[in-house]
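Enquirer: generate coordinates for the sequence data below:
(one chain, ligands or ions: 1)
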Amino acid sequence: MSKSAYVHSVETCGTVDGPGIRYILFLKGCPLRCKYCHNPDTWINEDGEEKSVDEIMKEVRRYKSYFQASGGGITVSGGEPTLQADFVGELFKQCREEGIHTCLDTSGYCEIEDVKELLENTDLVLLDIKQIDNIKHRELTGVENIKTLQFAKYLEEQNIPVWIRYVLVPQHTDDTKDIEDLGKYLGTLSNIQRVEVLPYHEMGISKWESMNMDYPLKGITSPSKESVEKAKDILKKHNLEVY
Ligand code: SF4
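Expert: The predicted model follows:
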């Protein structure tokens with residue numbers, strides 16, 4: 001019997017989480033508690049729908065022609081997908097065998113030993129670095145960034161291509177020095193293909209409210225265009241491809 005995982009939802013024709021047209025599988029469970037999380041309903045895994053690798057593969061195969069025409073494939077996201085690494089590993093292995101591009105969307109908050117096998121069958125990692133300053137990272141996400149940075153280093157050692165994602169949150173991640181430090185750090189890694197600066201937005205609020213939870217970033221609005229451009233310019237100085 002194939003392995004199974006707790007699934008939150010599926011998007012069948014995604015275009016922003018990796019190259020081309022993608023089948024995006026959102027898994028349940030996350031050890032972080034980001035203050036701007038859009039999907040706090042992914043945090044706990046027990047109430048997700050359990051699906052097996054075989055079931056997912058059956059669905060994924062239907063989109064093969066779209067993947068081939070667009071250079072797309074499968075992206076597994078979350079929550080934090082490495083929490084269910086055995087499942088993702090088996091899924092990616094089968095995708096690879098069938099020529100489907102595999103992409104892991106992660107915060108990198110995991111034990112390297114747990115994800116080694118999974119990464120052997122991963123073509124691209126979308127890695128969220130939430131904050132390069134460890135204290136501010138903990139303040140924003142509830143955990144330190146040490147595991148994430150170790151994970152980034154391991155990806156470089158394994159020569160796995162990475163797209164970095166950085167959410168620009170006013171008062172939390174838009175400090176010039178922090179962005180400068182992030183650029184310096186990323187500039188030392190040889191496997192970073194691009195950096196995406198994602199402006200914070202308030203779309204998550206309604207979900208927090210519907211779950212009767214207090215939204216921690218109330219009053220903080222999206223960054224200005226100028227502030228986004230400034231962040232991009234700082235990162236570009238470190239020879240990074242920035243979007
Ligand atoms: S890592 Fe993603 S799913 Fe987890 S809390 Fe942060 S934003 Fe939400």
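Enquirer: quick one: is the longest strand along the chain near the ligand?
Expert: Criterion DSSP state E: the longest strand present in the chain is strand 4-14. No - if you take C-beta under 6 Å from any ligand atom as the test, strand 4-14 misses the ligand, and the best it gets is 9.3 Å. All C-beta spots, glycine's among them, are computed from the backbone N, C-alpha and C.
Enquirer: send me whichever helix or strand comes after that strand as PDB with only the CA atoms.
Expert: For strand 4-14, the succeeding helix or strand toward the C-terminus, using DSSP states H and E, is strand 22-27. C-alpha atoms of strand 22-27 as PDB (Å, rounded to 0.1, in the frame of the first residue of the first chain):
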ATOM      1  CA  ARG A  22       1.500  23.100 -11.900                       C
ATOM      2  CA  TYR A  23      -0.500  20.700  -9.800                       C
ATOM      3  CA  ILE A  24      -0.200  22.100  -6.300                       C
ATOM      4  CA  LEU A  25      -0.800  19.900  -3.300                       C
ATOM      5  CA  PHE A  26      -1.100  21.700   0.000                       C
ATOM      6  CA  LEU A  27      -0.400  19.400   3.000                       C
END
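Enquirer: that older thread, list the contacts of the longest strand of the chain.
Expert: Strand 4-14 is contacted by residues 21-29, 39, 41-42, 45-53, 59, 63, 66, 75, 78-79, 84, 87-88 when judged by C-beta atoms under 8 Å, 6 or more residues apart in numbering.
Enquirer: tell me what angle that strand forms with strand 22-27.
Expert: On the basis of axes from the mean of the first three to the mean of the last three C-alpha atoms, to 10 degrees, strand 4-14 is oriented at 150 degrees to strand 22-27.
Enquirer: so which residues of the chain form helices?
Expert: 53-61, 64-70, 85-97, 112-120, 134-141, 146-157, 176-187, 205-210, 225-236 (DSSP state H).
Enquirer: any idea how far stretch 189-203 is from the chain center?
Expert: The chain centroid and the centroid of stretch 189-203 are separated by 10 Å under C-alpha atoms, centre = their mean, to the nearest Å.
Enquirer: just stretch 191-205 next, same as before
Expert: Relative to the centre of its chain, stretch 191-205 is centred 10 Å away, using C-alpha atoms, centre = their mean.
Enquirer: so what touches that stretch?
Expert: For stretch 191-205, contacts defined as C-beta under 8 Å, 6+ apart pick out 36-40, 124, 155-156, 159-170, 173, 186, 215, 217-218, 220-223, 228, 231-232, 235, 240-243.
Enquirer: is there proximity between it and the ligand?
Expert: No - shown here: stretch 191-205 not in contact with the ligand (C-beta under 6 Å from any ligand atom), separated by at least 8.5 Å.
Enquirer: tell me which residues of that stretch come out buried.
Expert: Across stretch 191-205, burial judged by 16 or more other C-beta atoms under 10 Å covers 192, 195-197, 199-200, 204.
Enquirer: now do it, average pLDDT.
Expert: Mean pLDDT, computed over stretch 191-205, is 96.
Enquirer: can I get that stretch as PDB, trimmed to CA atoms?
Expert: Written as PDB, here are the backbone C-alpha positions of stretch 191-205 (Å, rounded to 0.1, in the frame of the first residue of the first chain):
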ATOM      1  CA  ASN A 191      22.500  27.300  -6.300                       C
ATOM      2  CA  ILE A 192      20.100  30.300  -5.900                       C
ATOM      3  CA  GLN A 193      18.400  30.700  -9.300                       C
ATOM      4  CA  ARG A 194      16.100  33.600  -8.300                       C
ATOM      5  CA  VAL A 195      14.800  35.600  -5.400                       C
ATOM      6  CA  GLU A 196      11.200  36.600  -5.200                       C
ATOM      7  CA  VAL A 197      10.200  39.600  -3.100                       C
ATOM      8  CA  LEU A 198       6.600  39.100  -2.200                       C
ATOM      9  CA  PRO A 199       4.800  42.200  -0.800                       C
ATOM     10  CA  TYR A 200       2.800  41.400   2.300                       C
ATOM     11  CA  HIS A 201      -0.900  41.700   1.900                       C
ATOM     12  CA  GLU A 202      -3.800  41.400   4.300                       C
ATOM     13  CA  MET A 203      -5.700  38.600   2.600                       C
ATOM     14  CA  GLY A 204      -5.200  36.200   5.500                       C
ATOM     15  CA  ILE A 205      -7.200  38.300   8.000                       C
END
